[in-house]
Structure formats: C-alpha cells, structure tokens
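Visitor: kindly generate the corresponding structure for this input.
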Amino acid sequence: MDQVEEVKNKVDIVEIVSEHVMLKKAGRNYKGLCPFHGEKTPSFMVNPELQIYKCFGCGEGGDVYSFLQKIEGMEFGEALLTLAGRAGVTLTSYRPSQGEEIRNKLIEINTLAAEAYHYLLMKHKAGRKALEYLRGRGINKDSLETFRLGYAPEEWEFLVKYLTKKKDFKMDDLRRAGLVVEGRNYDRFRNRIMFPLADGRGRIFGFAGRQMPGADEKAGGKYVNTPETEIYRKSELLYGLDSARSEIKKEGWAVAVEGQMDLIPSWQAGVRNVVGIGGTALTERQVEVLRRLTDTLVLALDTDFAGDAAARRGIEVADKAGFIIKMVKLRGVKDPGEMATANPEEWKKAVGEAIPVYDFYIESAVERFGLRVEGKKKIGQELLPIWVKISDEIVKAHYIKKLAEVLGVGEEDVRKQMEKTSNSKFPDSNQLPIEQAKKTRREVVEEYLVGLAVNAKAFDKLREAAKWFKTEFWKRVAAELEEKKDVRKLPAELRSRIEGLVFLEDEWSEKEWMRAMDELEEVAIREQIGAEEGDVMVLTKRLAELTKDK
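Guide: As a prediction, this is how the structure comes out:
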C-alpha cells in the first residue's frame, strides 16, 4: 500500500467533512446540505466505508483528498500533508509541486511579517503610540495576542530590509505577497495598525492596515488592504473565522459584522461566534463558507445598511443559500464595536433580540420615508424588488401580507405591483432548469440491481442478474465485481460511477432482489415482443404473470 492510500485509510472522512458540513446519520451513510452549491434539501452524502462523498444535486463527488482540495482550495500535496499530520503518518517520498511551493512561501512571508509587526506593537518603543491607541479603544491584551495585531512603523524599508537581508527572501517574493508597492522597492504599509487576515485554519494570507490617528491623509485611505495576490482574495476571507469556527458550530448561528474594530470588541464582550465580512455586502464565497457551519446568520451592520444596494444583494445570496437571516437593531450607537465596548451586556442583549431581516427592512423603510402617500410609494419602490426575490414562497406570502397591513392597502395591490416589478427582470440564470440525461428503463433497473448487490456485498448474485444485462457498461461492471468482490479494486473508469451506488437507500432483502429481477425480466420480454423475437404467445403469458399484481 502506498502512503496516499495509507493516509486515506487512517483518516475518517465523516470527521473531516463534519468540520465543514452539518451531517446527520442516514442508514449506512451520512447526509447534509451540499457545501458546493446552494440547496435547502440535503442531497450531499458521505459513505464512511468507502471513504467517499457524493452530491446528487450538483454531481460533485470524490474522496477525502478531493474534498479538501475543493473546500479549502488546496492542491493535492497540501491535502496529503494535512491529512498525514492528522493520521500520524510520516511521508517519506512527498515532493511539493511548484504551485504549492509558491503558496507556502507567500504564507511564510506573511507570517514573518505579522510576527515582526506584532513584536513592534507589543514590545518596541516604535509601537507605543499604536498600543496606547488600541488600549484607549478598549482592546485588551488577550485580544491583541489572539488576533495577532501589530504595527507597521513609519519607515519606507522596515519590512523590505527585514525580509530580504535577515530572512533571505527576494524582492519579487515580497511583491507577490503584496507587501511592497508594485514597481517600487518600499513597504506598502507604513505608520499603520496591522490586522493579519487569515483563513479558517489561521494561515495568514494578507493584511488590513488602519491609518494611525493624526497621520497625513496623503498617506492613503483610513484602511489599506493587501491587493489581490495568488493567495489573498478579499471576497473569500472572513475575518476572525479561525477563532469563530468552533463557536459558530457550538452556538448554531453566526454573527456577521463589518470589520476588525467591530469584531474584536464583540469577541471581548462574549459574543465569539462572530466574523467580519469586510464591508456591508456579503459575497457568494463568504456565504458558501458560512453555510457549511450554520443555517442562521445574524447581521450587525451600520445603521444605513437597509439603503445599501450592494448589501441587499448579499442578503439575496444568503437567502438563496437557505439561511435564516436576522438583523441586530443598533440604537443610539453608530456601529457594533461602539456598543460592545461601551456596554457588553447591552450588545449581547441586542444580538439575542435580532429580528428577521425582512421585518427590519419594513421598520427601516417606515422610519426613513414615513406613511404619508409619497412615503408609501417610496417604501414600495424600495421593498418590492426585494420581496420578489424572496426564495421561500411561504415566507414571501407572509411578508406580502405584512407589508400590505403596514401600508394600509390590499394584498392584491401589493401582488400586482410586485408583478410589474417582476416582469421587468430577466430570469435568474441560477434558477434555470438543468437538462438531465435520460436513461432507458433497462439501464435504470440494471443499475439498481448492481446497487443492491454492492450495498449487501452480494457480488455472487450478479452472475444470475448479468444473464439479463444488455447494457455494455453494466455487463462489464457485473463481471468485474463478481471477480474482484470490492468496489475499490475496480478500474478507475468504472469505480467513479459505481461508488455513487453505495448511497442507495433501499436495504438488501431477498424479496427486493427478486422484485428487481422480475422487473428486469419484464423489460427484456417487452423488448422481445416489440422486436417480434421468440414465441409471442409464451412471452405474453409470462409477461402477464410478472405484471398481474402491479
């Protein structure tokens, strides 16, 4: 056995997948919502015996390696190293690919930069003012350490000299990591409080640098982020996810705030199932990541959120993914960070009393526009395009009724105006039906018989069934299984399709096997009669016997 197989056999795919997907036992298998496409009815299956997964909605499937590659964006070698570490296997012949080497180097550079910035903040006189500022904002030592905050000094080449002269990296490596300005040989971040941006496993991919109070405005915006690199993509990361992942799974819901200075005070206040989305608008990738951990999302964003079109699109994405979405009502403060710092208990109470997002939309619109005639018109113009896109028809009907009551009009009037709004929109391409390849009745029954035999390991039974098989693929599968008696030993071109049969929910029984065999014989007889082969009288008599109880 090679080490790839050794590692795979020593890890539990259910345990690995469960870190990303909520799974429930379903017979011999485990079932959950697919992490690779939005769905509300579980069609994602994991089989612990064969160590494979399969989604019957989008078609994604594979083993534990392909799962980690897809879910974490890993290359194969990285997935192998990760699983080998968990399994306690020392790899003797592993060689990283060029892509893996580059990725690892960029993560190492960012990690060293974070360590240098953190040292300056915590232990060097250069970072004293930044440390005083953070303490003045209520950030305690535990948070400074947990989130690895740092300080980039007001020097042009602090990081360049440290990484090139002391750590022997090339200037091009620093450019690829986004730490120097393109076309220049000086530090991108200067005189800024530094927030490392990590993935869910704590690997640092980039930074957000906050300008020091009183700094020259010409030095750049209030916040400067690492530009898009080979490892950092702003739309994919959730700030604080590495600290929040276990808390989200434990609590069963996630709180989303805008950024670092909202998240850290919340964490200090005891609301630790919190992530930062980097603005008011959730991205599709962020929604995908959160959907693997929970189905309930509490948004705590700026008070002007309801009028933000980009933010509403993010809500729409989360709704389509099946989230229960709520909003925290911020009263008398401008952001969650201020509330959590000034009154931690009030913050926890506000989060606990979050209201459904569509109720929040109504309250916000009424507050801003009022209920005079012109206000009602503006409320309709803002809310009806949102109502049209509510994916759950029961929820949609509830809020049509509620909006009609608030506006003092009939439900039919709201529906008619919604129709006008809806008719002006092109259909969502994500909702267009996908044409499925059609199988003949014979192919369906042959596949089912193979599935029953595979699940019961009744491979000898296939000799009896294969006499009736005509589909070349299933004839070959039956022969191979009868000989090898193990799905894992099949040739790759057969195994990928056969592995899906282990998720068949019908249990083996002699009665069910005979019922399926009769079904196949019926198909064969109908084919013979249609082709005028054999004794039609005898075939018709046998067909009547097979179908008399149907």
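
Visitor: F473 versus E527, what's the distance?
Guide: 18 Å (Cβ to Cβ, to the nearest Å). The C-beta positions use only the backbone N, C-alpha and C, and glycine is treated the same way.

Visitor: whoops, A516 was the one
Guide: With distances defined as Cβ to Cβ, the gap from A516 to F473 amounts to 18 Å.

Visitor: also D168?
Guide: In terms of Cβ to Cβ, D168 sits 56 Å off from F473.

Visitor: settle it for me: which of those two has more neighbours?
Guide: Taking other Cβ atoms under 10 Å, D168 and F473 do not tie; F473 has more neighbours (16 against 8).

Visitor: need phi/psi at that one.
Guide: Summarising the backbone geometry of F473 under the convention degrees, to the nearest 10, its torsions are phi -60, psi -50.

Visitor: contacts only, for it.
Guide: Residues touching F473, when contacts are defined by Cβ atoms under 8 Å, 6 or more residues apart in numbering, comprise L494, R497.

Visitor: tell me the domain boundaries of the protein?
Guide: If you go by automatic domain parsing, the domain ranges for the chain are 3-87, 98-225, 250-429, 441-547.

Visitor: turn the ones you listed into CSV, including mean pLDDT and distance to S243.
Guide: Converted to CSV, those look like this (pLDDT from 0 to 100; distance: least, Cβ to Cβ, whole Å):
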stretch, mean pLDDT, distance to S243
domain 3-87, 86, 15
domain 98-225, 92, 6
domain 250-429, 87, 7
domain 441-547, 78, 35
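
Visitor: just send these back as TSV, with distance to Y239 too.
Guide: Output for these, formatted as TSV (distance: least, Cβ to Cβ, whole Å):
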stretch	distance to Y239
domain 3-87	17
domain 98-225	6
domain 250-429	3
domain 441-547	37
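
Visitor: tell me which of these sits nearest to L237.
Guide: When the domains of the chain are compared by Cβ to Cβ, domain 98-225 sits nearest L237, at 5.5 Å.

Visitor: so what's the gap between the closest one and the chain middle?
Guide: Chain-centre distance of domain 98-225: 28 Å, with Cα atoms, centre = their mean, to the nearest Å.

Visitor: that domain: end-to-end distance?
Guide: Start and end residues of domain 98-225 are separated by 27 Å (Cα to Cα, to the nearest Å).

Visitor: so where's the longest helix in the protein?
Guide: As far as residue count goes, and with DSSP state H defining each element, the longest helix of the chain is helix 98-123.

Visitor: buried residues in that helix, which are they?
Guide: Neighbour counts using 16 or more other Cβ atoms under 10 Å place 100, 103-114, 116-118, 120-121 of helix 98-123 among the buried residues.

Visitor: so which of the domains of the chain comes closest to E236?
Guide: Proximity to E236 (Cβ to Cβ) singles out domain 250-429 among those, at 4.5 Å.

Visitor: for the nearest residue to D142 once chain neighbours are set aside, grab the count of nearby residues.
Guide: Setting aside the residues directly before and after it, D142 is nearest to Q268 in space (Cβ to Cβ, 6 or more residues apart in numbering), at 7.8 Å. Residues within reach of Q268, counting by other Cβ under 10 Å, total 19.

Visitor: residues contacting Q268?
Guide: Taking Cβ under 8 Å, 6+ apart as the contact definition, Q268 lies against G138, I139, N140, D142, S143, A340, T341, P344.

Visitor: and it, how far from Y223?
Guide: Here the criterion is Cβ to Cβ. By it, Q268 lies 21 Å from Y223.

Visitor: thanks a lot, see you next time.
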